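A.B. asks: structure for this input, please:
(2 chains, ligands or ions: 2)
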Amino acid sequence: MPVPDIFRQGIARGWKTYDGSALEQDLTLEADVAIIGSGAGGGTTAEILSAAGFKVLIIEEGPLRTSDDFAPLRENKAYPALYQEGLGRMSKNGAVTILQGRAVGGTTTVNWTSSFRTPKPTLEHWAKEHAVAGHDEASMAPWFAKMEERLGVAKWAVPPNGNNQVIADGCDALGLKHDIIPRNVRGCWNLGYCGLGCPTNAKQSMLVTTIPATLDNNGELLYLARVNRLQIEGSRVVGLECLAMDERCVAPNGRKISVRAKHYVLSGGGINSPAVLLRSNAPDPHQLAGKRTFLHITNFSAARFAQKLDPFAGAPQSVYSDQFQWHDGAAGEMSYKIEVAPMQPVFASTLLAGVGEQAAATMAALPHINFMLALGRDGFHPDSAIGNVELRDDGSPILDYQMTDYSWDGVRRAWLSMAEIQFAAGAQQVWPVHVDAPWLSSWQEAKAAINSLPLELYRARIGSAHVMGGCGMSEDPKLGVTDSLGRHHQLENLSIHDGSLFPTSIGANPQLSIYGLTAKLASQLVERLKA
Amino acid sequence: MNASNNHNLALAVSRRGLLKFSLMGSAMLAAAGVTASLSGCSSSQPDTGYQVLRREDVSFLSALIPVVMQGTFVAGKEATATQLTLQAFDRNLAHFSPEVLKLMQQLLDVLGMAFTRGPLTGVWGSWDSASREEVTAFLERWKNSSISLLNMGYSSLVQLIPMAWYGQTEAWGHCGYPGPPTI
Ligand SMILES: Cc1cc2nc3c(=O)[nH]c(=O)nc-3n(C[C@H](O)[C@H](O)[C@H](O)COP(=O)(O)OP(=O)(O)OC[C@H]3O[C@@H](n4cnc5c(N)ncnc54)[C@H](O)[C@@H]3O)c2cc1C
Ligand code: SF4
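C.D. replies: Ligands and ions are numbered 1, 2, ... in the order given. Got it, this is the predicted structure:
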């Protein structure tokens, strides 16, 4: 193995971990603070609380997979193991594929390392429209700086791979702005397999940073265990009811774990955190849990180039354009951030999917393909598409995400922007990813075709890797599940620290927004718990 | 099919003013679901060698895979490639959450049982004897149907099949993928 496996070494040194799938009997665990979920919010919170001397227990539904397991980088092994619902998660109508991680480290174990601070217009919009207090740009800056330092965030200094370079070339030719993406990596090998788990521990995910630090600080980790319900008495959480999962993390294996703590932090991420509240019948006088869930609804444009771009190799995301992001104000027409996606063949084949010879020819051209995406900034305008978390019969959550004409209009403009950039960068052909669109040979032709595409579910391929909101924060209990400090409005010893706190989507890839905000909330929680 | 799906189906279709077809379609889907769960007319046991796929599913997918993947499999090796895809499809399904798996199985029930298959797919005989043309026509019909459940079925199938195939090392030659870097 190329690098030492941090987890195997730690466990050998005596880290305290429990594997739910291997339990021979039911278990009771106690801690000062129990944290539900080990992703961006949970990991950040765990490190800060454990460093302050609190006994922390992290509970994670997914498996523990570490650098030794990630090699030899096979998509067919990684996706079913590391993603929510075994990569089967989709919106209730089946039209939106939803990617979220489910493993120790949460989605940070599989994310693509792009690291942006929360944009200023977003913070301003929250203060103005959602009664969020104390999180203006100046007060957030030190927290972003602290987490950038902690996680090695820096602008990517290596030349972008061919796939990313298309954004730079196309924007240069058209006079549009673009920039290099900051990444949270240290000693990155520029492999491009971040979505399968980083085999070199270069990615500074929670798996190799805050969680090891927590375990070094006397913390404990229970994995392959799903928090089913919060046990609630009056205005307090008195315990957690957890179900141990089988090795594949498909179904509970019959063992139960009860957890008792003084304080509880919910960090299950979008969709999952609201689901815990809903399953627990947590007090919710204004019926807010799970409402206002957002996705950065994403559409795609593929382009074929004469030269090889090898979109499956090299840092997945290194160039972006915000040209179409704030041009109409925070709450104007739907706007979007333009990036690319890495294209290992399994992932590529689902995005480029089709039937017969045409799909076969597209896949045969894979080394020559640039795959651009637009992250639609949902939740700022009253007519935006919006999601609502519901529970299925077995208590698992499903997102009812409803597209609107406003959001479809953004999707259409995004196809136009992407095609124009791709042709300007020298693409021979462009395919707006929609079942009715053919490969198009010029910008003129593309413009006409895109303007007449039917904007319909199942015809336009849309997806999301950024679930946000559902437990929105607000000083006004009628508008938010928590206050601006992540304190649940009705349950005094419950905090929420993850991407579900956001009142809208972010308008940039969300991880650093979550690290910065939850670092701040966790530090303030330390002060309150010590008082 | 559960009640809420039928409800969606009826709504989706009536919005387009095709109520008659909707009622027929949803009655049929409902009947398929009930029959499948009550009568065992679609077997509930996985076929030998599979974790999840049942005999009817295997015969349906064996007809579908070569059509979806046409032009991809190496000539002369279609049968092995189909078999590899089936096995990988089965493994992927076996990792889905129980609710997503249930949805997939309901879809496969509708496709497997003779009395829903004929009217909804246009393939009246068994899948084992369906021609490529018939299978292609069925896919076109589902892609362009005004019943959103069929559109959804189409889009799941045409994504899950390549997803299963391209995870295999045997698939990489076709798409110019050198394989993951060795580290
Ligand atoms: C493929 C992909 C690429 C991405 N790339 C980027 C990127 O480049 N840059 C960026 O900024 N963002 C990226 N993201 C998104 C980003 O990683 C997430 O938004 C972020 O990690 C969310 O943090 P979180 O704390 O809200 O939840 P998560 O990180 O998702 O963590 C939540 C964890 O809680 C666990 N959990 C949930 N419910 C329970 C329960 N009841 N009991 C026990 N455990 C539970 C989950 O299994 C999960 O592991 C990407 C996402 C994906 C899917
Ligand atoms: S690109 Fe860098 S961070 Fe991503 S998997 Fe490769 S080595 Fe790890």
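
A.B. asks: count of neighbours near residue 105?
C.D. replies: I went with chain A, as the question did not name one. Here the number of neighbours of residue A:105 (other CB atoms under 10 Å in any protein chain shown) works out to 30. The C-beta positions use only the backbone N, C-alpha and C, and glycine is treated the same way.

A.B. asks: right idea, wrong chain: chain B
C.D. replies: Residues near residue B:105, counting by other CB under 10 Å, number 20.

A.B. asks: where's the most centrally placed residue in chain B, which helix or strand?
C.D. replies: Relative to the mean C-alpha position of chain B, the nearest C-alpha, by CA atoms, centre = their mean, is the one of residue B:157, at 5.0 Å. Secondary structure from DSSP states H and E places residue B:157 in helix B:148-165.

A.B. asks: same check on residue A:401?
C.D. replies: strand A:397-402.

A.B. asks: so how far is residue B:150 from the residue nearest to the centre of chain B?
C.D. replies: Relative to residue B:150, residue B:157 is positioned 11 Å away (criterion: CB to CB, to the nearest Å).

A.B. asks: and what of residue A:517?
C.D. replies: Computed as CB to CB, the residue A:517 to residue B:150 distance reads 43 Å.

A.B. asks: compare these two (neighbour count), which wins?
C.D. replies: Set residue A:517 next to residue B:150 and count neighbours by other CB under 10 Å: residue A:517 wins out with 28 against 23.

A.B. asks: pretty sure the more buried one sits against residue A:501.
C.D. replies: Yes: contact between residue A:517 and residue A:501 holds when scored by CB atoms under 8 Å: they sit 6.8 Å apart.

A.B. asks: how about residue A:337, secondary structure?
C.D. replies: Assigned by DSSP: H, G, I helix; E, B strand; the rest coil, the conformation of residue A:337 is strand.

A.B. asks: how about it, nearest residue that isn't a chain neighbour?
C.D. replies: Nearest non-adjacent residue to residue A:337, counting by CB to CB, 6 or more residues apart in numbering or on different chains: residue A:375, 4.6 Å away.

A.B. asks: and if you look at residue A:476?
C.D. replies: Leaving aside its sequence neighbours, residue A:476 sits nearest to residue A:131 (CB to CB, 6+ apart; 4.5 Å).

A.B. asks: residue A:475 is in contact with that neighbour, correct?
C.D. replies: Yes: taking CB under 8 Å as the definition, residue A:131 is a contact partner of residue A:475 at 4.5 Å.

A.B. asks: hang on, the earlier thing: and the strand holding residue A:401, is it in reach of chain B?
C.D. replies: Yes: in terms of CB under 8 Å from any CB of the partner chain, part of strand A:397-402 sits within range of chain B, namely residue A:398.

A.B. asks: next, the buried residues of that strand.
C.D. replies: With burial defined by 16 or more other CB atoms under 10 Å in any protein chain shown, the residues of strand A:397-402 counted as buried are A:397, A:398, A:399, A:401.

A.B. asks: again, but for stretch A:161-173
C.D. replies: Taking 16+ other CB under 10 Å as the neighbour-count basis, stretch A:161-173 is seen to contain the buried residues A:161, A:162, A:163, A:164, A:165, A:166, A:167, A:168, A:169, A:170, A:171.

A.B. asks: how many residues are close by residue A:452?
C.D. replies: Applying other CB under 10 Å, we find 10 residues neighbouring residue A:452.

A.B. asks: need the phi and psi values for the spatially closest residue to residue B:52 that is not a sequence neighbour.
C.D. replies: With CB to CB, 6+ apart as the measure, residue B:93 is the residue that lies nearest to residue B:52, at 4.6 Å, once sequence neighbours are left out. Main-chain dihedrals, residue B:93, degrees, to the nearest 10: phi -60, psi -40.

A.B. asks: how many neighbours does residue 95 have?
C.D. replies: Reading this off chain A. Residue crowding around residue A:95 was assessed by other CB under 10 Å; the count is 21.

A.B. asks: could you do chain B instead?
C.D. replies: Residue B:95: 21 neighbours (other CB under 10 Å).

A.B. asks: burial of the residue nearest to residue A:337, as a residue count?
C.D. replies: One way to gauge burial is a neighbour count; for residue A:375, by other CB under 10 Å, it gives 27.

A.B. asks: may I have the host helix or strand of it exported as PDB, CA atoms only?
C.D. replies: In the assignment (DSSP H and E), residue A:375 maps to strand A:369-376. Extracted as PDB, the C-alpha positions of strand A:369-376 are listed here (Å, rounded to 0.1, in the frame of the first residue of the first chain):
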ATOM      1  CA  ILE A 369     -15.500  13.800 -24.000                       C
ATOM      2  CA  ASN A 370     -15.900  16.900 -21.900                       C
ATOM      3  CA  PHE A 371     -18.700  16.700 -19.400                       C
ATOM      4  CA  MET A 372     -20.000  20.000 -18.100                       C
ATOM      5  CA  LEU A 373     -22.600  20.600 -15.400                       C
ATOM      6  CA  ALA A 374     -24.500  23.600 -14.100                       C
ATOM      7  CA  LEU A 375     -25.500  23.700 -10.400                       C
ATOM      8  CA  GLY A 376     -28.900  25.500 -10.300                       C
END
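
A.B. asks: okay, buried residues for the helix or strand just after that strand please.
C.D. replies: Remark: after strand A:369-376, the chain's next helix or strand is strand A:386-391, criterion DSSP H and E. Buried positions in strand A:386-391, judged by neighbour count with 16+ other CB under 10 Å: A:386, A:387, A:388, A:389.

A.B. asks: repeat that for stretch A:140-159.
C.D. replies: In stretch A:140-159, residues buried by neighbour count (16+ other CB under 10 Å) are A:140, A:143, A:144, A:146, A:147, A:148, A:150, A:151, A:152, A:153, A:156.

A.B. asks: now swap in stretch A:3-14 and tell me
C.D. replies: The neighbour-count check on stretch A:3-14 (16+ other CB under 10 Å) flags A:3, A:5, A:6, A:7, A:10, A:11 as buried.
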